[in-house]
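Q: Mind looking at a prediction? Sequence and model below.
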Amino acid sequence: MKAEYHFTGKHRDYMKKCLVNTVNVAEGAVRSGKTVDNVFAFATLLETAPDRLHLASGVTVAAARLNIGDCNGLGLEAIFAGRCAWSRYRDNVCLRVRTRTGEKLVLFAGGGRADSYRRIRGGSFGMWIATEVDLHSDSFLREAFNRQLAARRRRVFWDLNPGSPNAPIYRDYIDRFAAMEDFPGGFNHRRFTIRDNPAVTPERLREIEAQYEKGSLWYRRDILGERCAAEGLIFPEFAQAPERCTVPWSGLGPEERAALLADIGILTVGVDFGGSRSLTAFVCAGISRDGSRVTILADRNIPGRKGEIDPARVYREFIAFIRETEERFAPLRIRAAFCDSAEQYLINGLRRACRREGLWLAVGDAAKRPVRDRIQCTSDLLASGRMRLLDTCSLVAAGLAEARWDPSAAALGEDRRLDDFSSDVDILDAEEYAWERFFVR
């Protein structure tokens with residue numbers, strides 16, 4: 001093996017047990033080294049594996065290739081450098097590896113979709129390595145286990161970041177396996193924190209921790225390595241001290257305002273259309289020239305219940321919002337509006353209204369990334385000081401301060417924002433639509 005890495009005792013102990021246990025699970029914080037452990041153990045056993053075909057999975061094929069194949073230069077490509085090549089096997093991406101006991105094929109698959117299992121149906125695998133296994137669909141997990149029934153030397157290697165204690169991956173698999181006194185073939189489970197990774201220096205650790213909001217769900221899971229349910233305030237530090245992320249626009253002089261606007265490269269607007277008991281919301285965001293920061297510049301909402309929305313009023317209010325915002329932040333111009341894609345007739349109407357009024361901004365669908373991903377990105381941006389709000393954006397500020405996790409979802413092991421009208425979720429949707437294409441990956 002050509003890839004080199006310094007393993008601490010905790011990691012070495014886990015990997016030694018991987019050599020003799022059938023199911024191996026590395027759980028822990030981000031950058032704790034758990035994926036590297038599984039890749040090295042998998043590669044070691046691949047040299048003498050009696051089976052020819054093996055499986056590597058991630059949420060998507062691309063994620064599997066990045067986290068297992070590359071793994072920051074410590075993946076299968078580096079370990080088998082000079083002895084492997086990317087290829088295809090029955091219309092699937094695979095890595096062909098020359099080992100001491102002959103050629104082995106590692107098939108790469110995505111397991112995040114409900115129908116992902118179809119890509120591996122019919123195969124027969126010896127070993128299976130999965131990264132971010134908690135994000136795999138249950139149908140894929142079951143099919144992958146079934147595909148190992150004929151394995152001559154069966155091995156399973158999973159890694160995951162901590163989630164809700166009630167998550168199905170714990171209830172149906174990990175905790176159930178751990179509770180069995182005599183698990184067939186042996187069960188090896190280890191939990192790691194970021195401090196277990198020798199490659200993370202104290203200086204880098206401080207940098208990483210600074211990107212998280214202390215006490216947030218993400219901090220407890222990603223840094224402390226805790227299993228914790230999504231409950232309470234979503235952005236607790238913002239709720240306690242919103243002034244840390246607020247720009248006192250009304251108190252800035254002309255030169256200070258000009259300097260703030262000079263840092264902005266593009267203005268965009270997010271639009272969330274009203275439905276039952278909800279409001280139509282507009283939010284304008286300024287994306288910095290280097291694409292690393294976002295400033296919330298303006299917000300507005302208008303009443304509009306389902307069945308009572310007056311499209312003409314929505315169009316008038318939108319046009320007025322665009323004009324007032326551009327006048328206020330001249331010479332900047334709004335380049336695009338990203339709208340809730342569920343309301344195509346309203347989007348088409350907005351587009352026509354803009355053309356009639358001589359406003360040549362692009363009007364189209366929001367990316368609508370998963371809400372959980374948008375929330376995590378917001379938390380990271382706030383914690384690292386890369387999201388600011390003008391003090392005039394009271395609607396967005398209140399939405400962030402009051403946003404809570406849904407306790408009923410937490411009981412099911414899900415992370416879901418509470419949407420019972422106790423806080424303004426609509427304004428947050430519009431705010432996220434405005435910048436998600438630039439920051440959520």
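A: It's in.

Q: mind listing the helices for the stretch 201-350 of the chain?
A: 202-210, 217-218, 236-240, 254-262, 311-328, 344-356 (DSSP state H, counting those that start in this stretch).

Q: winner for burial among the ones you listed?
A: Burial of the helices of the stretch 201-350 of the chain is given as mean neighbour count (mean count of other Cβ atoms under 10 Å); helix 217-218 ranks first at a mean of 23. To be clear about C-beta, it is placed using only N, CA and C from the backbone, and glycine gets the same treatment.

Q: Work out the gap between that helix and the centre of the chain.
A: 12 Å (Cα atoms, centre = their mean, to the nearest Å).

Q: Give me the average confidence score over it.
A: Regarding helix 217-218, the rounded mean pLDDT is 86.

Q: From the contact counts, what lies against it?
A: Packed against helix 217-218 by the contact rule (3 or more Cβ pairs under 8 Å, 6 or more residues apart in numbering; DSSP states H and E) you find helix 371-383.

Q: Could you export the helix it packs on as PDB, CA atoms only?
A: Taking only C-alpha atoms (Å, rounded to 0.1, in the frame of the first residue of the first chain), the coordinates of helix 371-383 have been written out as PDB:
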ATOM      1  CA  VAL A 371     -34.600  22.000   4.200                       C
ATOM      2  CA  ARG A 372     -32.200  20.200   6.600                       C
ATOM      3  CA  ASP A 373     -29.200  21.100   4.300                       C
ATOM      4  CA  ARG A 374     -30.400  24.700   4.100                       C
ATOM      5  CA  ILE A 375     -30.700  24.900   7.900                       C
ATOM      6  CA  GLN A 376     -27.200  23.500   8.400                       C
ATOM      7  CA  CYS A 377     -25.700  25.900   5.900                       C
ATOM      8  CA  THR A 378     -27.400  28.800   7.600                       C
ATOM      9  CA  SER A 379     -26.000  27.700  10.900                       C
ATOM     10  CA  ASP A 380     -22.500  27.400   9.400                       C
ATOM     11  CA  LEU A 381     -22.800  30.900   7.800                       C
ATOM     12  CA  LEU A 382     -24.000  32.500  11.000                       C
ATOM     13  CA  ALA A 383     -21.400  30.900  13.200                       C
END
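
Q: wait, R147 sits on G126?
A: No - using Cβ atoms under 8 Å as the test, R147 is too far from G126 to be in contact (9.9 Å).

Q: how about stretch 405-413: buried residues?
A: By neighbour count on 16 or more other Cβ atoms under 10 Å, the buried set for stretch 405-413 is W405, D406, A409, A410, G413.

Q: JSON lines for the residues you listed, including secondary structure?
A: Converted to JSON lines, the buried residues of stretch 405-413 look like this (DSSP: H, G, I helix; E, B strand; the rest coil):
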{"residue": "W405", "secondary structure": "strand"}
{"residue": "D406", "secondary structure": "coil"}
{"residue": "A409", "secondary structure": "helix"}
{"residue": "A410", "secondary structure": "helix"}
{"residue": "G413", "secondary structure": "coil"}
